[in-house]
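*Asks:* My questions concern the predicted model and sequence given below.
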Amino acid sequence: MRVHFISIGGSVMHQLAIALHRKGYQVTGTDDEIFEPSRTNLLNEGILPKSFGWQPELITKDLDAVILGMHARNDNPELQKAVELGLKIYSFPEYIYHESQQKKRIVVGGSHGKTTTTSMIMHVLRTLQFDFDYLVGAKLQGFDQSVNITNAPVIVCEGDEYPASAIEKKPKFHFLFPHIAILTGIAWDHINVFPTLDFYLDQFRIFITKIEPGGLLIYNSSDAVLDQLVKECHRADLRYQPYAVPEHAIENGQTVVTIDGFSTSLKVFGNHNLMNLLAAYYACKEIGVTASDFVKAIADFTGASKRLELLASNETINVYRDFAHAPSKVKATIEALKQQYPNRKLIGILELHTFSSLNEQFMSEYHGALSKADTAIVFYSKHALEIKRLPDLPVEKIKEGFSQPGLLVMNDKKILEEWLEKTDFFNSNIVLMSSGNYDGLDMLTFAERVTH
């Protein structure tokens with residue numbers, strides 16, 4: 001097979017290129033710029049482009065597939081030539097399906113918890129020595145890739161609702177056609193892509209129609225919006241497995257979960273993680289994993305990168321970072337920490353960094369999201385607004401949206417830095433919630449400093 005990647009340097013694109021190269025395919029690719037770690041990863045595999053820029057001369061009739069990344073635009077000269085030659089052009093998820101038509105496909109969708117649920121399934125299957133392929137949106141301990149394509153009989157995919165490519169605007173998870181589907185919950189986000197809630201809900205309605213006949217839909221029935229949507233979209237040819245928070249107890253700051261009579265202590269915590277875990281169990285059960293084996297395997301799961309990740313700690317202080325930025329994710333993270341450590345002060349520092357979170361019209365969605373935090377800070381930078389070409393975001397609108405007494409709002413990193421320097425964090429949990437970097441503040445050094 002000869003496969004060419006247009007925009008090979010993407011975080012997931014380059015991983016697929018490496019996976020196919022290891023499978024024995026002839027892989028070429030181009031990009032106008034490639035950053036680390038993609039550059040070194042491609043270099044080590046011997047498939048780093050010799051020069052940057054688009055090279056339409058590489059698009060030839062003997063290519064079996066052209067895979068188009070999100071970074072490439074409609075006027076890309078390589079794409080235009082591929083169209084002229086009538087070559088098969090795939091978005092990333094379309095090609096994953098192309099490679100997986102003979103596999104049993106497990107696809108995890110939902111507004112939140114996708115990466116963690118997918119990671120849990122992968123962790124259990126690897127621990128139990130199952131042969132499987134995967135696609136996941138984060139670096140996981142024990143896996144050197146975030147994409148793997150071999151001849152395995154099963155593939156586990158994180159399926160997100162973002163558009164598939166520049167020419168294919170439909171969401172990625174519409175192209176994966178699962179036999180086992182998971183929906184973790186629905187909370188409207190990405191308003192630049194999905195301008196209304198109903199349009200966003202439509203993407204999940206369509207996803208349900210894409211499940212293979214006779215398939216299994218595992219869904220979070222405690223999510224009222226999702227529960228109603230599943231009832232609306234009922235299919236007689238599917239099986240349904242609702243789930244909610246499983247039986248558990250918190251003992252001395254550690255969570256013990258019980259599934260089908262088998263119990264274990266966990267290294268992760270919070271109701272959202274417990275629900276993710278139960279969804280993962282039902283998916284694994286469908287392919288032959290027993291409750292006993294699942295519980296043993298999940299006990300040492302430490303979580304996906306930047307998902308309630310413990311950065312530093314001592315006897316009285318824990319510092320976590322979390323990718324949480326959407327309202328539902330922020331609320332789940334804050335509630336998990338307060339439930340796990342009820343006697344510690346909880347300090348939540350949220351950076352508004354995405355298009356939705358920096359939009360004045362979206363602020364009301366954050367109502368109560370930080371309410372369980374003892375001290376709540378919302379930070380945003382003027383630089384982020386400029387990059388996204390958004391108008392100024394008034395502090396008053398943020399306070400009005402969050403509707404939280406005592407909320408601190410900062411838009412200057414020096415002010416945040418000064419606050420961090422002078423605050424006493426004794427007997428506290430600090431959680432840094434962001435998909436950005438606090439305008440360049442070194443939070444890793446801060447975490448180390450306050451715990452030593």
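*Replies:* Perfect, I can see it now.
*Asks:* C-alpha from now on. contacts and neighbour counts both.
*Replies:* Will do.
*Asks:* and the most centrally placed residue in the chain, which of the three is it?
*Replies:* Closest residue to the average C-alpha location of the chain: residue 115 at 4.3 Å, with C-alpha atoms, centre = their mean. Secondary structure, DSSP: H, G, I helix; E, B strand; the rest coil: residue 115 is helix.
*Asks:* tell me the contacts of it?
*Replies:* Neighbouring residues of residue 115 by C-alpha atoms under 8 Å, 6 or more residues apart in numbering: 136-138, 158, 304.
*Asks:* Which parts of stretch 265-282 count as buried, going by neighbours?
*Replies:* Within stretch 265-282, the residues that count as buried by 16 or more other C-alpha atoms under 10 Å are 265-266, 268-282.
*Asks:* Sketch out the helices for the stretch 251-400 of the chain, chain order is fine.
*Replies:* Ranges of helices in the stretch 251-400 of the chain, per DSSP state H, counting those that start in this stretch, are 271-286, 291-298, 327-340, 382-387, 395-402.
*Asks:* Let me see the mean pLDDT of the last one.
*Replies:* Think helix 395-402. The average pLDDT for helix 395-402 rounds to 96.
*Asks:* I'd like to check the angle between it and helix 327-340, please.
*Replies:* Put simply, helix 395-402 runs at 70 degrees to helix 327-340, going by axes from the mean of the first three to the mean of the last three C-alpha atoms, to 10 degrees.
*Asks:* got it, and the second one?
*Replies:* Calculated by the same axes, to 10 degrees, helix 291-298 forms an angle of 90 degrees with helix 327-340.
*Asks:* Touching, residue 113 and residue 272? I think so.
*Replies:* Yes: Residue 113 is within contact range of residue 272, at 7.5 Å (criterion: C-alpha atoms under 8 Å).
*Asks:* Next, the distance between the ends of stretch 380-393.
*Replies:* Using C-alpha to C-alpha, to the nearest Å, the end-to-end distance of stretch 380-393 comes to 9 Å.
*Asks:* CA atoms only for stretch 269-285, dumped as CSV, please.
*Replies:* The C-alpha atoms that make up stretch 269-285 are tabulated as CSV, following Å, rounded to 0.1, in the frame of the first residue of the first chain:
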residue,chain,number,x,y,z
PHE,A,269,-11.5,9.2,42.0
GLY,A,270,-14.6,11.2,41.5
ASN,A,271,-18.1,10.3,40.3
HIS,A,272,-17.2,11.1,36.7
ASN,A,273,-14.3,8.7,36.8
LEU,A,274,-16.4,6.0,38.5
MET,A,275,-19.0,6.4,35.7
ASN,A,276,-16.3,6.2,33.0
LEU,A,277,-15.0,3.1,34.7
LEU,A,278,-18.4,1.4,34.6
ALA,A,279,-18.9,2.3,31.0
ALA,A,280,-15.5,0.8,30.2
TYR,A,281,-16.4,-2.4,32.1
TYR,A,282,-19.6,-2.9,30.0
ALA,A,283,-17.5,-2.5,26.8
CYS,A,284,-14.9,-5.0,28.0
LYS,A,285,-17.6,-7.4,29.2
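*Asks:* avg pLDDT for that stretch?
*Replies:* Rounded mean pLDDT across stretch 269-285 is 96.
*Asks:* What of stretch 55-70?
*Replies:* The average pLDDT within stretch 55-70 is 95.
*Asks:* what does that stretch rub up against?
*Replies:* Contacts of stretch 55-70 (C-alpha under 8 Å, 6+ apart): 1-8, 10, 13, 30, 77-79, 81-82, 85, 87-92, 95, 164-166.
*Asks:* Mind giving me the PyMOL command for buried ones among those residues?
*Replies:* A single PyMOL command suffices to select whichever of these are buried according to 16+ other C-alpha under 10 Å:
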select buried, resi 3+4+5+6+7+8+10+13+30+77+78+79+81+82+87+89+90+91+92+95+164+165+166
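*Asks:* Just the ones in strands from the contacts of stretch 55-70, please.
*Replies:* Counting by DSSP state E, those place 2-6, 30, 89-91 in strands.
*Asks:* Least confident of those residues?
*Replies:* For the ones in strands among the contacts of stretch 55-70, the minimum pLDDT belongs to residue 91; the value there is 91.
*Asks:* tell me the domain ranges of this structure?
*Replies:* For the chain, automatic domain parsing gives the domain ranges 2-87, 95-298, 309-450.
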